[in-house]
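> Turn this into a structure:
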Amino acid sequence: MDTPLLYRWYEDLTLGELQRTRGRTVTEGDIVNWCALTGDWFVLHSDKEFAAGSMFGQRIAPGMMILAFSGGLGVPPDTPTILANYGSNQVRYPKPTFIGDTVHLEMEVMKKEDRGASTGIVDLRWDMVNQNEVTVCASVLRVLMARRASP
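Below you'll find the model as predicted:
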């Protein structure tokens, strides 16, 4: 297996490189815990009867929760190469995520910006995709990454 993209040093990343992560099934417990932690009890997430009468026909997962899950799927917890999350751009939720959907992250190296001898910024296409290959969250993640230390 290839080394995951975010374990690599800045200079080892190539434009167009792709990575697909493992999947994660969204549960009712995830949504309830998210709502409890954030205070976001919006009725489309938390009220089964209300959501049944909506255009979605059922409860949907909070978009911000799905974006947060992408970090858990894509960012290795012990990588020495990520220095900081520089930001997210163009976050969109083109389709809803439902309870029971299994999502995975698809990332692609889109742009590299040199920041000096020790760092660079990498733009990644950062898309959450469901079990039907439908994008449910699309964004661009900007990451400040380390260069390999000079000998």
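
> what comes up buried for stretch 93-103?
Of all the residues in stretch 93-103, those buried under the rule 16 or more other Cβ atoms under 10 Å are 93, 95-99, 101, 103. (C-beta placed from N, C-alpha, C; glycine too.)

> can you give me the offset of stretch 134-141 from its chain's centre?
How far stretch 134-141 lies from its chain's middle: 7 Å, per Cα atoms, centre = their mean, to the nearest Å.

> What score does the closest residue to residue 48 other than its chain neighbours have for pLDDT?
Spatial nearest neighbour of residue 48, chain neighbours left out: residue 59 (5.9 Å); criterion: Cβ to Cβ, 6 or more residues apart in numbering. Per-residue pLDDT puts residue 59 at 98.

> Helix, strand or coil: sort out the residue nearest in space to the middle of the chain for me.
The centroid of the chain falls nearest to residue 70 when counting by Cα atoms, centre = their mean (2.5 Å). Under the three-state scheme (DSSP: H, G, I helix; E, B strand; the rest coil), residue 70 adopts helix.

> likewise the one 10 residues further on?
Residue 80 falls in the coil class when you classify it by three-state DSSP.

> Contact partners for it?
By Cβ atoms under 8 Å, 6 or more residues apart in numbering, the residues touching residue 80 are residue 146.

> Now do it, the pLDDT please.
In this model, residue 80 carries a pLDDT of 95.

> With residue 130 instead?
On pLDDT, residue 130 comes in at 98.
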